[in-house]
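1. Can you look at this prediction? I've put the sequence above it.
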Amino acid sequence: MKIAVVFADQHRGFVRAEELQELIQKAAIVSFRRSDGENVQLGSGRVRGMGGRTYRGPERRGNVLFC
C-alpha cells in the first residue's frame, strides 16, 4: 500500500507502508496521510508509538482464546 507523504524538501510523493517508520525516524518526511484521510504533521500530530506513558501492566495482546 502506498502512503502520500511530504518530504523534508517539500516535494510530495508516495512511499510503501513498510518505509514510513524509517522515514519518520530519519526526519526525511514532514507529513503523511493516514488511511482515514487525516493528514499528520510530524512534530505536532499524534503518531503511533511516539510519546505517551509507558504501560507497566501485564501483556494482554495475543493472550485471548476465542471459542
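-> Everything's here; your move. Numbering: from 1, shown residues only.
2. Per-residue pLDDT of Lys12, please?
-> Wrong residue type there; residue 12 is Arg, not Lys. The score at Arg12 is 96. That number is its pLDDT.
3. how close does it sit to Ser35?
-> When distance is defined by C-beta to C-beta, to the nearest Å, Arg12 is 17 Å away from Ser35. Where you see a C-beta, it was placed from the backbone N, CA and C, and this is true even at glycine.
4. Give the buried residues for stretch 3-12.
-> Neighbour-count burial for stretch 3-12, with 16 or more other C-beta atoms under 10 Å as criterion, is recorded at 3, 5-6.
5. Now do the end-to-end distance for it.
-> Chord length of stretch 3-12, first to last residue, is 11 Å (C-alpha to C-alpha, to the nearest Å).
6. Other residues contacting it?
-> 13-17, 20, 23, 27-33 (C-beta atoms under 8 Å, 6 or more residues apart in numbering).
7. Surely Phe32 forms part of a strand?
-> Yes - judged by DSSP: H, G, I helix; E, B strand; the rest coil, Phe32 forms part of a strand.
8. was I right about it contacting Gln21?
-> No - using C-beta atoms under 8 Å, Phe32 is not in contact with Gln21, being 10.7 Å away.
9. More neighbours: the two, which one.
-> Phe32 (21 against 12; other C-beta atoms under 10 Å).
10. Who does the more buried one form a beta bridge with?
-> When bridges are assigned using DSSP bridges, the partners listed for Phe32 are Val5, Val40.
11. what residues are up against it?
-> Contacts here follow C-beta under 8 Å, 6+ apart; on that basis Phe32 touches 3-6, 20, 39-40, 42.
12. element containing Leu23, please.
-> Secondary-structure assignment from DSSP states H and E places Leu23 in helix 17-25.
13. Would you mind pulling the contact partners of that helix?
-> Everything outside helix 17-25 that qualifies as a contact, by C-beta under 8 Å, 6+ apart, is 1-3, 5, 15, 29, 32, 42, 47, 49.
14. mind listing what's buried in that helix?
-> Applying a neighbour-count criterion of 16+ other C-beta under 10 Å, the buried positions in helix 17-25 are 23-24.
15. Tabulate the CA atom coordinates of that helix in PDB.
-> Coordinates of the C-alpha atoms in helix 17-25 are reproduced here as PDB (Å, rounded to 0.1, in the frame of the first residue of the first chain):
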ATOM      1  CA  ALA A  17       3.900   1.400   4.100                       C
ATOM      2  CA  GLU A  18       7.000  -0.600   5.200                       C
ATOM      3  CA  GLU A  19       9.200   2.500   4.600                       C
ATOM      4  CA  LEU A  20       7.100   5.000   6.600                       C
ATOM      5  CA  GLN A  21       8.600   4.300  10.100                       C
ATOM      6  CA  GLU A  22      12.200   4.600   8.900                       C
ATOM      7  CA  LEU A  23      11.500   7.800   7.100                       C
ATOM      8  CA  ILE A  24       9.900   9.300  10.200                       C
ATOM      9  CA  GLN A  25      12.900   8.300  12.300                       C
END
